[in-house]
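S.K.: got a structure for you, letters missing:
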């Protein structure tokens, strides 16, 4: 089954972070303390089994990546508050903290890649800014292939995101809408479910007999060594954090590392 799921924030469908200089940055709960997100964990499990091909999200809370969903199967239209991008090389850096800038997109940090060290920016899309082309391209590519689109928690009124399930319907494929209110696509949907997202996904997983995994903290480190260019019998060792599900995404884990070598 080629399926595409749309997941949206329940509090609205447009994200902005512009604040006045006097306005304090709100405190956000760390994903490490958010243990009940069955919706995202269920979608991650379906993706790992090959049942779900793409998740299109207007959330920016990073829970889809925390669920274990591979970033190659995720199109985030409004960015990710924990994800930084390098101005110079484009490398993504996933953090354990909110990276959103207050007055500009620049975060003041540098790229973790030693041969770059370019300036980093947050990945959040502000009001009036264009949606990321890579996410749009991925989303509409899957809209042309999906035989089922599951739209969860969206009013389906905000374009371009609302055009994705519309395109699936135009192709005579199935659309299932989960929402507590009617949407513009209510009449053309194959099925409308009047329930919360978590309840819908729990029901789907029970019917498919696929358990929803519990969330656990996972970490990956990448260790490389190479001979010293000017000293014999000496090696240069590089230890880096990496995203657990995508080794190409650096993940800041260490402030410093102490190495103890046994000389015996």
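M.R.: Perfect, I can see it now. Computed from a predicted structure; not experimentally measured.
S.K.: so where's the stretch 1-150 of the chain shaky on pLDDT?
M.R.: In the predicted model, the stretch 1-150 of the chain carries pLDDT under 70 at residues 1-36.
S.K.: mind running it again at 90?
M.R.: Scanning the stretch 1-150 of the chain for pLDDT under 90 picks out 1-38, 58-73, 79, 82-83, 90-104, 106, 108-109, 111-115, 125-130.
S.K.: for the stretch 101-250 of the chain, what spans make up the helices?
M.R.: Under the criterion DSSP state H, counting those that start in this stretch, the stretch 101-250 of the chain contains helices at 133-143, 163-170, 197-208.
S.K.: mind giving me a markdown table with those helices and columns for distance to residue 151 and mean neighbour count?
M.R.: C-beta coordinates here come from the backbone N, C-alpha and C atoms, glycine included. Shown next, in a markdown table, are the helices of the stretch 101-250 of the chain (distance: least, Cβ to Cβ, whole Å; neighbours: other Cβ atoms under 10 Å):
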| stretch | distance to residue 151 | mean neighbour count |
| --- | --- | --- |
| helix 133-143 | 12 | 17 |
| helix 163-170 | 5 | 20 |
| helix 197-208 | 10 | 16 |
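S.K.: out of those, flag the one nearest residue 191.
M.R.: Nearest of those to residue 191, taken as Cβ to Cβ: helix 197-208 at 10.6 Å.
S.K.: helices or strands next to the closest one in the packing?
M.R.: On a contact count with 3 or more Cβ pairs under 8 Å, 6 or more residues apart in numbering; DSSP states H and E, helix 197-208 meets helix 38-48, strand 148-152.
S.K.: would TSV of the ones you listed with mean neighbour count be doable?
M.R.: As requested, the helices and strands packed on helix 197-208 are exported to TSV (neighbours: other Cβ atoms under 10 Å):
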stretch	mean neighbour count
helix 38-48	24
strand 148-152	25
